[in-house]
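Engineer: prediction below, plus the sequence it came from.
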Amino acid sequence: MNIGGAFAWGLLDIIIKILDLIKWIVIIAAVISWVSPDPRNPIVHFLYKFTEPLLRPFRKLLPSSRTGGIDFSPLLLILLIQFLQVVLARLFVPSPALT
């Protein structure tokens, strides 16, 4: 493997790991939101500040008033992240059927 290929693999691995971290932060924020946490807690404050900009477009797309008060934005964001991970992985790893 050449240096450029190794660099691309390393970069891809880092991007996929960052997307995994974001996915887990969204999951943790969604679970914590079920128990009505103290908004002054620094962890809750971080989770809200980090996830709110990511979830806002999905909340506009599918408001909870149309879904019976259930917020599906974390689920939609997680599905998008998983989709991106698969697409990125397939860009660098060819399918056996294509070779």
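Structural biologist: That came through, no problem.
Engineer: just for the chain, where's the confidence low?
Structural biologist: Across the chain, the ranges flagged by pLDDT under 70 are 1, 93-99.
Engineer: spatially central, which residue of it would that be?
Structural biologist: Centroid check for the chain by C-alpha atoms, centre = their mean gives Lys23 as the closest residue, at 3.7 Å.
Engineer: OK, contacts around it?
Structural biologist: 78, 81-82 (C-beta atoms under 8 Å, 6 or more residues apart in numbering). Backbone N, C-alpha and C define where each C-beta goes, glycine included.
Engineer: is it within a helix or a strand, and which one?
Structural biologist: Per DSSP states H and E: Lys23 is located in helix 3-33.
Engineer: same thing with Leu88?
Structural biologist: Assigned by DSSP H and E, Leu88 falls in helix 73-92.
Engineer: please save the CA atoms from that helix in PDB.
Structural biologist: The C-alpha trace of helix 73-92 is given here as PDB (Å, rounded to 0.1, in the frame of the first residue of the first chain):
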ATOM      1  CA  SER A  73     -35.200  13.600  15.400                       C
ATOM      2  CA  PRO A  74     -32.500  11.600  17.300                       C
ATOM      3  CA  LEU A  75     -33.600   8.500  15.400                       C
ATOM      4  CA  LEU A  76     -33.400  10.200  12.000                       C
ATOM      5  CA  LEU A  77     -30.000  11.700  12.900                       C
ATOM      6  CA  ILE A  78     -28.600   8.300  13.900                       C
ATOM      7  CA  LEU A  79     -30.000   6.700  10.700                       C
ATOM      8  CA  LEU A  80     -28.200   9.500   8.700                       C
ATOM      9  CA  ILE A  81     -25.000   8.900  10.500                       C
ATOM     10  CA  GLN A  82     -25.100   5.200   9.900                       C
ATOM     11  CA  PHE A  83     -25.900   5.800   6.200                       C
ATOM     12  CA  LEU A  84     -22.900   8.100   6.000                       C
ATOM     13  CA  GLN A  85     -20.700   5.500   7.600                       C
ATOM     14  CA  VAL A  86     -21.700   2.800   5.100                       C
ATOM     15  CA  VAL A  87     -21.300   5.100   2.100                       C
ATOM     16  CA  LEU A  88     -17.800   6.200   3.300                       C
ATOM     17  CA  ALA A  89     -16.800   2.600   3.900                       C
ATOM     18  CA  ARG A  90     -18.000   1.500   0.500                       C
ATOM     19  CA  LEU A  91     -16.100   4.300  -1.200                       C
ATOM     20  CA  PHE A  92     -12.800   2.700  -0.100                       C
END
